[in-house]
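Visitor: Next comes the sequence, and after it the predicted model I'd like to discuss.
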Amino acid sequence: MTILIFGGAEVGKSSIASDLSEYKFFEFGGADHTDIEVVKKELSGLIFCAQQGFELAIHVIRQGRITKMMSAEYKIVRHLLPNIRIVCVVTHCEHNDPMIKWVQDNASHFSKCGLVYDAMVATCFGPLQGRMAHVFAELRCESAQHVRNCISMNKSFSSSTSHDSRLIMKLVQDARNMEK
Ligand SMILES: Nc1nc2c(ncn2[C@@H]2O[C@H](COP(=O)(O)OP(=O)(O)O)[C@@H](O)[C@H]2O)c(=O)[nH]1
Ligand SMILES: [Mg+2]
């Protein structure tokens, strides 16, 4: 059974997937790729896989600003899979003590932006190469365990039965125009 992991570029999707190698992930890179043709190709892959179904959706976001693009990618997944559980993994939380602080401080902003999650986890998946590797290794291990626990508490299969391609493209275009 596959887990959908989605979110913008460089937020940490692949890092999470590689640390949780016991699961199978389908990665959707959101709608912010510079080349719209790449976005369309990714979207058709997502639509196809959503028909087979996922056991959970993980929205990966980077700690910082809540963007229109985050809302758009969330709405696309929600539209395709109205009943799927969506959990949010916030990366780049290494400067917070405790790591969950930013998430707690911004809880009301998420719901105002339409980002409603079944659970939120604050994490760090910093690089395992370079001078900071030893610091990140410990945080990554702890973070991966939090994500694992969150997956096992929220797993529930859901598949897509119908979708409106025009609505999806409108969400993509609106978010891309706003980001400019
Ligand atoms: N400092 C820091 N770097 C991170 C964090 N999460 C991911 N990264 C780094 O960001 C880079 C891009 O991550 P990647 O998993 O490839 O992102 P993707 O594009 O969403 O798949 C990698 O070098 C990661 O190690 C984090 O929580 N903190
Ligand atoms: Mg990736």
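Guide: Okay, I see it. Ligands and ions are numbered 1, 2, ... in the order given.

Visitor: in its sheet, what does the helix or strand harbouring residue 120 sit against?
Guide: Here residue 120, judged by DSSP states H and E, is contained in strand 119-122. Looking at strand 119-122 with DSSP bridges, its partner strands are strand 86-91 (parallel).

Visitor: Name the residues of the strand holding residue 120 that are buried.
Guide: Counting neighbours by 16 or more other CB atoms under 10 Å, one finds that the buried residues in strand 119-122 are 119, 120, 121, 122. Yep, even glycine has a C-beta here, placed from its N, CA and C like the rest.

Visitor: right, and out of the residues you listed, which lies closest to ligand 1?
Guide: residue 122 (9.4 Å; CB to the nearest ligand atom).

Visitor: ok, what's across the strand from the closest one?
Guide: Beta-bridge pairing for residue 122 (DSSP bridges): residue 90.

Visitor: what residues does this structure put near ligand 2?
Guide: Selection of the chain residues close to ligand 2 by CB under 5 Å from the ion yields 13, 14.

Visitor: any idea where the strands of the chain begin and end?
Guide: Along the chain, the segments classed as strands by DSSP state E run 2-6, 24-28, 56-62, 86-91, 119-122.

Visitor: highest average neighbour count across the ones you listed?
Guide: Among those, strand 56-62 has the highest mean neighbour count (mean count of other CB atoms under 10 Å), at a mean of 25.

Visitor: who does that strand touch, helix- and strand-wise?
Guide: Counting contacts by 3 or more CB pairs under 8 Å, 6 or more residues apart in numbering; DSSP states H and E, strand 56-62 packs against strand 2-6, helix 13-19, helix 68-80, strand 86-91, helix 133-154.

Visitor: hmm, try it at 7 Å
Guide: strand 2-6, helix 68-80, strand 86-91 (3 or more CB pairs under 7 Å, 6 or more residues apart in numbering; DSSP states H and E).

Visitor: Would you mind putting the ones you listed into TSV with distance to ligand 1 and mean pLDDT alongside?
Guide: Shown next, in TSV, are the helices and strands packed on strand 56-62 (distance: least, CB to the nearest ligand atom, whole Å; pLDDT from 0 to 100):
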stretch	distance to ligand 1	mean pLDDT
strand 2-6	8	98
helix 68-80	12	97
strand 86-91	4	98
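
Visitor: could I get these as a markdown table with distance to residue 61?
Guide: Compiled in a markdown table, the helices and strands packed on strand 56-62 are given as follows (distance: least, CB to CB, whole Å):
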| stretch | distance to residue 61 |
| --- | --- |
| strand 2-6 | 10 |
| helix 68-80 | 6 |
| strand 86-91 | 6 |
